[in-house]
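Student: after the sequence you'll find the predicted model.
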Amino acid sequence: SQTIHQWPATLVQPVGSPLSLECTVEGTSNPNLYWYRQAAGRGLQLLFYSVGIGQISSEVPQNLSASRPQDRQFILSSKKLLLSDSGFYLCAWSDKNYGYTFGSGTRLTVV
Amino acid sequence: AQSVTQLDSQVPVFEEAPVELRCNYSSSVSVYLFWYVQYPNQGLQLLLKYLSGSTLVKGINGFEAEFNKSQTSFHLRKPSVHISDTAEYFCAVTSSGGSYIPTFGRGTSLIVHP
């Protein structure tokens, strides 16, 4: 069966520090991968999605970037965090039945 | 372009009472529809989905939803809720033949009181 791993679960980082959140998928090949942010406990904002290795589409211009170095690995990064980057970050993958499977999320607090 | 409207931001209900969470969508093409549940500090979990066929879809945890094309709705229902159903519920839509990227509603907070 397919599983998705996302870590860390919580993270507290100072303003101006770098960020790296990692997401990996098991049990499937060539998945579509996504990064979402959920602010203030409501609403989902699509940040990036990828349909293959090295292929990244950005939905919202911001302080973040994404990379897909391997087929089942998706990384969310920032060189310098802002206070506004705080939120709940969710990784997800989708299959041909157009359903999403989400990771357990990372709670990022920028202080 | 597609959009999703969840009409209620919060729905309080007593335990063992029935509940309906409303979802309306707009799209110029055929759609696929989903309901997800999110418990506090967790990711979203798929409750049920409508791709084609019967308009009444049954999901996990006793939930069901009915696709109504004429009213462009996909309301979620449960005949008797439990305290453990307290969570955030998200409706989502994708367009057939599109990019598979869903549009999510803003969510409905279901609060079940004892």
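Tutor: Looks like it came in fine. Numbers count the residues shown, from 1 in each chain, chains lettered A, B, ... in the order given.
Student: quick one: name the residues of chain A near chain B.
Tutor: Within chain A, the positions near chain B by C-beta under 8 Å from any C-beta of the partner chain are A:6, A:32, A:34, A:41-44, A:46, A:49, A:88, A:90, A:92, A:94, A:97-105, A:107. (Each C-beta comes from the backbone N, C-alpha and C, glycine too.)
Student: quick one, strands of the chain?
Tutor: If you meant another chain, say so; for now it's chain A. In chain A, the strands defined using DSSP state E lie at A:3-7, A:10-13, A:19-26, A:32-39, A:42-52, A:55-58, A:65-70, A:73-78, A:87-94, A:100-102, A:106-110.
Student: sorry, I should have been clearer: chain B.
Tutor: Under DSSP E, chain B gives strands at B:3-5, B:10-14, B:19-21, B:24-26, B:31-38, B:44-50, B:56-58, B:64-68, B:73-78, B:87-95, B:103-104, B:108-113.
Student: quick check: angle from the last one to strand A:42-52?
Tutor: Okay, so that is strand B:108-113. Relative orientation of strand B:108-113 and strand A:42-52, computed by axes from the mean of the first three to the mean of the last three C-alpha atoms, to 10 degrees: 130 degrees.
Student: assess the claim that residue A:102 and residue A:4 are in contact.
Tutor: Yes - here residue A:102 reaches residue A:4: they are 7.1 Å apart, a contact under C-beta atoms under 8 Å.
Student: what about those two, which has more around it?
Tutor: Higher neighbour count among residue A:102 and residue A:4: residue A:4, with 24 against 21, using other C-beta atoms under 10 Å in any protein chain shown.
Student: from residue A:103, how far off is the more buried one?
Tutor: Counting by C-beta to C-beta, to the nearest Å, the separation of residue A:4 from residue A:103 is 5 Å.
Student: what residues do the two have in common as contacts?
Tutor: Jointly contacting residue A:4 and residue A:103 under the rule C-beta atoms under 8 Å, 6 or more residues apart in numbering or on different chains are A:23, A:91-92.
Student: now those residues: which count as buried?
Tutor: Burial by neighbour count, 16 or more other C-beta atoms under 10 Å in any protein chain shown: within the shared contacts of residue A:4 and residue A:103 this picks out A:23, A:91-92.
Student: center of the chain, which residue is that?
Tutor: In the absence of a named chain, chain A is used. Centroid-nearest residue in chain A: residue A:35, 3.3 Å away (criterion: C-alpha atoms, centre = their mean).
Student: chain B was what I was after
Tutor: Here the mean C-alpha position of chain B is nearest to the C-alpha of residue B:35 (C-alpha atoms, centre = their mean), at a distance of 3.5 Å.
Student: many thanks, we can stop here.
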